[in-house]
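A.B. asks: here you go, sequence then predicted model.
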Amino acid sequence: MRVLVKGTGVAGLTAAFELATRGATVTVAEMRHGLGGNASWFAGGMLAPWCERESAEQPVLDLGRSAADWWDAATPGQVTRAGTLVVAAPRDAGELDRFASRTSGHRRVDEDEIELLEPDLAGRFRRGLLFPDEAHLDPRQAMAALHDRLAAMGVDIHFDADARLGSGFDRQIDCTGMAAVDDRLRGVRGEMLILRTPDVSLSRPVRLLHPRFPLYLVPRADTQFMIGATMIESQSAGPVTARSMMELLGAAYALHPAFGEAEIVETAVGVRPAFPDNLPRVEARGTTVTINGLYRHGFLLAPAIARQAAELIFRHDKSLELANETDRQRRSG
Ligand SMILES: Cc1cc2nc3c(=O)[nH]c(=O)nc-3n(C[C@H](O)[C@H](O)[C@H](O)COP(=O)(O)OP(=O)(O)OC[C@H]3O[C@@H](n4cnc5c(N)ncnc54)[C@H](O)[C@@H]3O)c2cc1C
């Protein structure tokens, strides 16, 4: 079966992998010059289904709990399994209790254990929550690794793809995110920045709870940290605003004052594609299957959603084969 996958965000790359693994002949078409510039590029890369359950529905936990294993198998060496640490300033202790009551898969940690887990946070927070089974990856490195894996599997990947590339395929998978034509989709703007400082070292993502702007830091290679992310109901991808910049920097500074001297490496905006219920959808219409609405859970949910899409396509193909066979038998009988 020849399949065209449109888009090299996390949805397109994972779908291409699931299809190629099942034996499909896969071509991927991306309209940009290369990987990057899309929502996936600006993600934090947290694989945090238990934390996300604080504001997300149960399917996010059910579908997301195997994500770290999937990424580990598809892109060996990309996943760090060190859990998530959630902290709050003493005046926001109520936020920690609220977060704990809305989630599972965590245990409470005190000042001493916080120091053991993250020595650079010693003396800064009295209480926290550790979600030990969560993981994270660097989205850019993981996507590059998945791209290389696909190329090695014989998947044909076209950047700067011409919109006319589309004929001669049995199926198309539309993974075009915010560019998809769908009235139900909305954009949720996420502003982020990347800081560099050799003066702070963290082993895992740290979420800093706050009644107005809960934010997180994800450690990356080369003493870099991704600080994210705003959640604004807008599909504007315009530059980061001063207000958001202040909130993001304020969170970093509250976590550790050494971030005040950090170098600002990058500021960027990604627009998350979301359906009204904030859950992803795999939908088939004719020979096209659409994967969209990954919202704030692209890296977490794309593996399970890509598997669903691949199964749908192969099941559909099988039932067509069966129908054709029955038809043939009926005619010859
Ligand atoms: C700041 C921020 C932080 C985030 N943090 C996390 C996190 O920690 N964990 C997590 O799991 N998720 C996170 N997310 C969410 C995640 O990034 C998104 O859910 C995910 O990127 C959506 O992926 P996608 O492939 O649907 O869309 P995109 O990544 O936007 O990809 C769509 C692609 O389709 C291409 N395209 C469009 N039209 C066409 C066409 N006609 N032909 C060919 N190609 C086309 C586009 O150029 C683009 O490359 C975060 C998002 C943001 C913005």
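C.D. replies: Right, received. Where do you want to start? Quick caveat, the model's predicted, so the values are computed rather than measured.

A.B. asks: quick one, phi psi at L195?
C.D. replies: phi -110, psi 150 (degrees, to the nearest 10).

A.B. asks: so it makes contact with T267?
C.D. replies: No - using C-beta atoms under 8 Å, L195 makes no contact with T267, being 10.0 Å away. Backbone N, C-alpha and C define where each C-beta goes, glycine included.

A.B. asks: and these two? Which one has more around it.
C.D. replies: Higher neighbour count among L195 and T267: L195, with 22 against 15, using other C-beta atoms under 10 Å.

A.B. asks: quick one: residues contacting the more buried one.
C.D. replies: 224-225, 227, 252, 259, 262-265 (C-beta atoms under 8 Å, 6 or more residues apart in numbering).

A.B. asks: what does this structure have sitting close to the ligand?
C.D. replies: Contact residues, the chain versus the ligand (C-beta under 6 Å from any ligand atom): 6-12, 29-32, 38-40, 42-46, 161, 175-177, 179, 190, 192, 228-229, 270, 272-273, 292, 294-300.

A.B. asks: from these, which land in strands?
C.D. replies: 6, 29, 46, 190, 192, 228, 270, 272-273, 292 (DSSP state E).

A.B. asks: of all those residues, which comes closest to E283?
C.D. replies: Among these, N292 lies closest to E283 (C-beta to C-beta), at 8.1 Å.

A.B. asks: distance check, L215 against A29.
C.D. replies: 35 Å (C-beta to C-beta, to the nearest Å).

A.B. asks: next one: S203
C.D. replies: For S203 relative to A29 (C-beta to C-beta), the value is 39 Å.

A.B. asks: now swap in V282 and tell me
C.D. replies: 19 Å.

A.B. asks: same check on S40?
C.D. replies: 16 Å.

A.B. asks: who's more crowded, these two?
C.D. replies: Each of S40 and A29 has its neighbours counted (other C-beta under 10 Å); S40 has more, 27 against 22.

A.B. asks: where does this protein have low pLDDT?
C.D. replies: Residue ranges of the chain with pLDDT under 70: 164, 316-333.

A.B. asks: how about the helices in it?
C.D. replies: Assigned by DSSP state H, the chain shows helices spanning 10-21, 49-52, 58-64, 67-74, 93-101, 111-117, 139-152, 242-255, 298-332.

A.B. asks: need those helices in TSV with mean neighbour count, can you?
C.D. replies: Output for the helices of the chain, formatted as TSV (neighbours: other C-beta atoms under 10 Å):
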stretch	mean neighbour count
helix 10-21	28
helix 49-52	24
helix 58-64	17
helix 67-74	19
helix 93-101	15
helix 111-117	15
helix 139-152	18
helix 242-255	17
helix 298-332	17
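
A.B. asks: now the ones you listed as a markdown table including distance to D170?
C.D. replies: Shown next, in a markdown table, are these (distance: least, C-beta to C-beta, whole Å):
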| stretch | distance to D170 |
| --- | --- |
| helix 10-21 | 11 |
| helix 49-52 | 34 |
| helix 58-64 | 27 |
| helix 67-74 | 24 |
| helix 93-101 | 47 |
| helix 111-117 | 51 |
| helix 139-152 | 19 |
| helix 242-255 | 45 |
| helix 298-332 | 8 |
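
A.B. asks: relative to L165, which of these is closest?
C.D. replies: helix 10-21 (13.8 Å).
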